[in-house]
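In: Provide a 3D model corresponding to the input given below.
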Amino acid sequence: MEPNLHQKGEGEMGTKLAKLPVTIDRSKHDSQVINIQITKDDFENFCNICGLYRKDFLDTLDASELDHQQGRITERDSLYELIKK
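Out: Numbering: from 1, shown residues only. Presented below is the predicted three-dimensional model:
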């Protein structure tokens, strides 16, 4: 299965993602599961493109981890609870 990672109007990020070689297959045992195969270097490129190595993102993760360790968390059953009605 060839992934379509570049949609019209996505800009530079979509163009960079479209160049990442990824193999996607459906599981033979479970129709709800897909298997994604990507090299370590390409995965690191993907993370870089998405901004997962940016200092402000990493600082946010550190603050979130500290909040969690100190018990400042909210139990949720679903992420849909975050959507304002």
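
In: break down this structure into its helices, ranges please.
Out: 12-18, 40-50, 55-69 (DSSP state H).

In: format these as a markdown table; extra columns: mean neighbour count, distance to R76 and mean pLDDT.
Out: Where you see a C-beta, it was placed from the backbone N, CA and C, and this is true even at glycine. As requested, those are exported to a markdown table (neighbours: other C-beta atoms under 10 Å; distance: least, C-beta to C-beta, whole Å; pLDDT from 0 to 100):
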| stretch | mean neighbour count | distance to R76 | mean pLDDT |
| --- | --- | --- | --- |
| helix 12-18 | 14 | 29 | 63 |
| helix 40-50 | 13 | 23 | 91 |
| helix 55-69 | 10 | 13 | 95 |
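
In: reformat the ones you listed as CSV; add distance to I34.
Out: Shown next, in CSV, are the helices of the chain (distance: least, C-beta to C-beta, whole Å):
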stretch, distance to I34
helix 12-18, 17
helix 40-50, 16
helix 55-69, 26
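
In: among those, which is nearest V33?
Out: With C-beta to C-beta as the measure, helix 40-50 is the member of the helices of the chain nearest V33 (19.1 Å).

In: determine the set of other helices and strands touching the closest one.
Out: Here helix 40-50 touches helix 12-18, going by 3 or more C-beta pairs under 8 Å, 6 or more residues apart in numbering; DSSP states H and E.
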